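K.L.:
predicted model follows, preceded by the sequence.
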Amino acid sequence: MLGWIKLHRRLAESSIYHDSRLVHLWIHLLMKANHKPNKFLFNGEEITVKNGQLITGRKTLSAELKMPESKIQTGLKLFEKLHMIEQQTNSRNRLVSVVSWHTYQEGEQQTNNKRTANEQQTNTNKNEKNEKNEINNKDEFFEDLIIGALNRRGFLDIWKEFVVFRKEEKKVPLTERSAKMTLKKLSSFGLEGAIASLENSISAGYKGVFEPSGGSMPKKNYQQTNVDHLRELSKVDPMDLLEQNNQQAIGCQ
């Protein structure tokens, strides 16, 4: 692999910056992206993969980075939510497009020569859109609800992964009410305990959060006849059940 890429200092201000695996994944995508158009097969058809695009897959990235597939999938979903990439997927691979590739990877002089009054207006519109996206992202991740000891970069990063995991993998997105209750429970674990609890839930596939010391974690050493049933129960977030019961009670009034 020849050549080089640029890294903008804005990366240090990104929410992914303090997660070394996410930074590794992001830099890898930049290095693997095309620097000039090439033709590849995608969905059984020959397509032109443009600058800033690459064809890859979750298994391929996992092997290249020595990183679990679950972390790759969660990272790509998070990049998509943060408007860092766009994806087109099929059963075998995916086409990844790095957003704003030309802004950060083309030479400054080349970019300046292409700039026109119309493009400046377009950039203004994009900036306004990005500001709106930042506000929407904060709302989507319930960042305004995170206060006190949990309002730290390390917790914010894993919390965003958990929100994406609940929505994309488990198909049970957090509501504002369930987010408040989940954060209240996590705050009782302390900062390190809260981070460990979220990491455990993501890696084990749990929708809920449990005390990492083991007090509230689901038990696995039961008789075989009850294992499957208990596993399903362990994945149910008690706060989701509470919210469902409240809604049922309201409906019966």
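P.N.:
Thanks, I have the structure now. Numbers count the residues shown, from 1 in each chain.
K.L.:
could you pull out the helices in this structure for me?
P.N.:
For the chain, applying DSSP state H gives helices covering 20-32, 58-65, 69-81, 101-105, 108-114, 117-140, 153-164, 176-187, 190-204, 224-234, 238-252.
K.L.:
I'd like to know which of the ones you listed has the weakest mean confidence.
P.N.:
Looking at those, the lowest mean pLDDT belongs to helix 108-114 (a mean of 45).
K.L.:
which residue is nearest the middle of this protein?
P.N.:
With distances taken as CA atoms, centre = their mean, Leu78 lies nearest the centre of the chain, 2.0 Å away.
K.L.:
could you find the closest non-adjacent residue to that one?
P.N.:
Nearest residue to Leu78, sequence neighbours excluded (CB to CB, 6 or more residues apart in numbering): Val164, at 5.4 Å. No exception for glycine: its C-beta is placed from N, CA and C like everyone else's.
K.L.:
give me the neighbour count for the one you found.
P.N.:
23 (other CB atoms under 10 Å).
K.L.:
give me every residue that touches it.
P.N.:
Contacts of Val164 were listed using CB atoms under 8 Å, 6 or more residues apart in numbering, and they are 74, 77-78, 81.
K.L.:
measure it to Gln73 for me?
P.N.:
Taking CB to CB, to the nearest Å as the measure, Val164 falls 10 Å from Gln73.
K.L.:
tell me how far Asn200 lies from Lys170.
P.N.:
Per CB to CB, Asn200 is found 15 Å from Lys170.
K.L.:
likewise Trp26?
P.N.:
According to CB to CB, Trp26 stands 24 Å off from Lys170.
K.L.:
and those two? which has more neighbours close in?
P.N.:
Higher neighbour count among Trp26 and Lys170: Trp26, with 21 against 14, using other CB under 10 Å.
K.L.:
I'd say the more buried one and Met84 touch.
P.N.:
Yes. Trp26 lies in contact with Met84 (CB atoms under 8 Å); the separation is 7.2 Å.
K.L.:
I'd like the average pLDDT over stretch 205-223.
P.N.:
On average, stretch 205-223 scores 66.
K.L.:
what's near enough to touch Lys32?
P.N.:
Lys32 sits next to 54, 56 when contact means CB under 8 Å, 6+ apart.
K.L.:
can you do 6 Å?
P.N.:
Shown in contact with Lys32 (CB atoms under 6 Å, 6 or more residues apart in numbering): Leu54.
K.L.:
tally of neighbours for Thr48?
P.N.:
Neighbours around Thr48, by other CB under 10 Å: 11.
K.L.:
quick one, grab the pLDDT at it.
P.N.:
So Thr48 comes in at 89 (pLDDT).
K.L.:
contacting residues for it?
P.N.:
Contact analysis of Thr48 by CB under 6 Å, 6+ apart lists 37, 39.
K.L.:
please apply the same query to Ser213.
P.N.:
With CB under 6 Å, 6+ apart, Ser213 has no contacts at all.
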